[in-house]
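**Q** Predicted model and sequence follow; I will ask about them next.
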Amino acid sequence: MDSFIKKIFDKKEDNFVHIQLQKFSKGLFKNKALIKASKSGSNYSINTTAEYANELVRSVAELLDDGQKVKTIGIIVSTRDLSNELSFKNKKQFMGIKQYVIDSEMTKKQIIEICDKFPASFIGLSFSVNGTELKIKPKAPKSAKPSTKEDGKFKVDFCKIKTGNEKLVRSLLFDVSEFKKVEIFHDFEITGLDIPKNESDPLKMRENTVRNGKLVRKLVVDGKNIEKVVEFSA
């Protein structure tokens, strides 16, 4: 599964991209969807911020053999009540935000079904399969806010993946070939909102609004700075 960033650059906006952009209002949102990666031999160590969690869960689950089970732990965060739609260990709730704790043996089909059924929820599951290890912090990510300060040091450790799977690596580092260390930063500038005219429900209005703007991808590859820009509407 390609990352939502790659889809934006490939002009392949889909529901996954749209859901990612829902969090943005009009304005400039700097240093989002961050990545830090290193390579040693044929092995990669990649850290990302929370934006990549759902797609990493799905991509790593796709490496499982049919019927194979793996120990899966973590949380699913939602504003919806998923009690009758999800098997979970226990449930936590604070200010309308529900966290469902997962701790069980799961198959490829079960993990992907969660991704398909709850695409708008935060899916923070950790598991290992066939030489690939995925760890995601079991907590709700912070909401996006317009930038008010200059660039600084940022923690890039919400999602951690160790792998030798080139296809998985390329979904994130799609425009980086050979490297020892790479850092990637993204700025989202939302310049316009196409709001549905005949929608009175605020939630549906937010969900169905199309965001227009540009994405700036800034890479530091072994000390060399590279910048790429693409416009989007999704």
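**A** Arrived safely, thanks for sending.
**Q** if you skip the residues just before and after it, what's nearest to Leu219?
**A** Spatial nearest neighbour of Leu219, excluding adjacent residues (CB to CB, 6 or more residues apart in numbering): Ile226 at 4.3 Å. The way it works is simple: take the backbone N, C-alpha and C, and place the C-beta from them, glycine included.
**Q** helix or strand for the one you found, which one?
**A** Here Ile226, judged by DSSP states H and E, is contained in strand 224-233.
**Q** chain center to that strand: distance?
**A** Centroid separation for strand 224-233 versus its chain: 19 Å, with CA atoms, centre = their mean, to the nearest Å.
**Q** contacts for that strand?
**A** 8-9, 11, 13, 17, 21, 175, 194, 210-220 (CB atoms under 8 Å, 6 or more residues apart in numbering).
**Q** Show the pLDDT at the residue lying closest to Thr107 once chain neighbours are set aside.
**A** In this structure, Thr107 finds its nearest non-sequential neighbour in Lys69, 5.4 Å apart by CB to CB, 6+ apart. At Lys69, the model reports a pLDDT of 97.
**Q** ok, back up a step: what about the residue nearest to Leu219, neighbour count?
**A** 13 (other CB atoms under 10 Å).
**Q** on that earlier part again, next, count neighbours for the residue nearest to Thr107.
**A** 14.
**Q** now do the one 3 residues further on
**A** If you count neighbours by other CB under 10 Å, Thr72 ends up with 21.
**Q** I'd assumed Met106 was in contact with it.
**A** Yes - counting by CB atoms under 8 Å, Met106 is a contact partner of Thr72 at 4.2 Å.
**Q** Please enumerate the shared neighbours of the two.
**A** By CB under 8 Å, 6+ apart, the residues touching both Thr72 and Met106 are Phe127.
**Q** Quick check: the gap between the residue nearest the centre of the chain and Lys98.
**A** The residue lying closest to the centre of the chain (CA atoms, centre = their mean) is Tyr52, at 1.9 Å. Distance of Tyr52 to Lys98, given as CB to CB, to the nearest Å: 22 Å.
**Q** what do you get for Lys6?
**A** Distance from Lys6 to Lys98, by CB to CB: 31 Å.
**Q** What are the contacting residues of stretch 2-10?
**A** Contacts of stretch 2-10 (CB under 8 Å, 6+ apart): 12-14, 16-17, 20, 33, 51-52, 55, 171-172, 174-175, 186, 215, 217, 228, 230, 232, 234.
**Q** try 7 Å
**A** 13-14, 16-17, 20, 33, 52, 55, 171-172, 174, 186, 215, 217, 230, 232 (CB atoms under 7 Å, 6 or more residues apart in numbering).
**Q** same deal with stretch 56-75?
**A** 1, 99-108, 111-112, 115, 123-130, 132, 134, 136, 138, 159, 161, 165, 168, 171.
**Q** What of stretch 187-200?
**A** 24-32, 205, 208-216.
**Q** Would you show me how to pick out the buried ones of those residues in ChimeraX?
**A** To isolate in ChimeraX the members of the contacts of stretch 187-200 that are buried, counting by 16 or more other CB atoms under 10 Å, one can use:
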select :24,27,29,30,31,32,209,211,212,213,215
